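Q: Sequence and computational prediction follow.
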Amino acid sequence: MFSTLRNNKKGFTLIELMIVVVIIGILAALAIPRFMRASTKSKQSEAKAILKQIYVMEHAYRQEKDVYWPNGATATAIAGGAFADIGVEIGLTSRYTYSITGAPTVFLATANSTVLDDDATADTWTINDFGQLIVTSDDAAS
């Protein structure tokens, strides 16, 4: 009689459920940091693309005017803004603040963000008149 009652019980024991929860926790602990890093790297592609666009447009401006823009000054643009003199627009959802410092023969463009993820590490990229794209503070590395 007891053996027939045991065979009719269906379901999982508490130990089996706890093992499944532990396995899911381990997988989440491994996957979430990798996802955050990949997400940050995809957001960084925005800065790289805009900086490369600035580089191209600065050289076009120099071909026409014989100086880099803004000659002897610094210009800044945020989301929804633009560097109208060189034809670069910043998207409405941009996570970066862009600045360009120009002189007659050199320029330096910078993209800076502190909102890529929930930490305090800034993300800063620069490009110069040689086209060298340099990360000075990498939020994805932290």
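A: Ah, there it is.

Q: Please report how far Leu30 lies from Asp118.
A: Using C-beta to C-beta, to the nearest Å, Leu30 is found at 19 Å from Asp118. Backbone N, C-alpha and C define where each C-beta goes, glycine included.

Q: neighbour-wise, which of these two wins?
A: Between Leu30 and Asp118, Leu30 has the larger neighbour count (other C-beta atoms under 10 Å), namely 10 against 6.

Q: quick one: low-confidence parts of this structure?
A: The chain contains residues with pLDDT under 70 at 1-8, 142.

Q: could you pull out the strands for it?
A: Along the chain, counting by DSSP state E, strands occupy 73-77, 82-83, 88-89, 97-102, 107-113, 123-128, 133-137.

Q: The longest one packs against which elements?
A: Looking back up the chat, that one is strand 107-113. helix 14-65, strand 97-102, strand 123-128 (3 or more C-beta pairs under 8 Å, 6 or more residues apart in numbering; DSSP states H and E).

Q: The second one now?
A: Contacting strand 82-83 under the criterion 3+ C-beta pairs under 8 Å, 6+ apart are the following elements: strand 88-89.

Q: Contacts for the strand it packs on next, please.
A: By C-beta atoms under 8 Å, 6 or more residues apart in numbering, the residues outside strand 88-89 that reach it are 50, 53-54, 57, 77, 81-83.

Q: Check the contact between Leu116 and Asp123; I expect there is one.
A: Yes. In this structure, Leu116 is within contact of Asp123 by C-beta atoms under 8 Å, at 5.2 Å.

Q: Comparing those two, which shows the higher neighbour count?
A: Asp123 (25 against 22).

Q: which non-adjacent residue is nearest that one?
A: Asp139 (3.7 Å; C-beta to C-beta, 6 or more residues apart in numbering).

Q: Distance of the one you found relative to Ser45?
A: Asp139 is 13 Å from Ser45, by C-beta to C-beta.

Q: circling back to that earlier point, tell me which of the contacts of strand 88-89 is nearest to Leu14?
A: The closest of the contacts of strand 88-89 to Leu14 turns out to be Ile50 (C-beta to C-beta; 54.4 Å).
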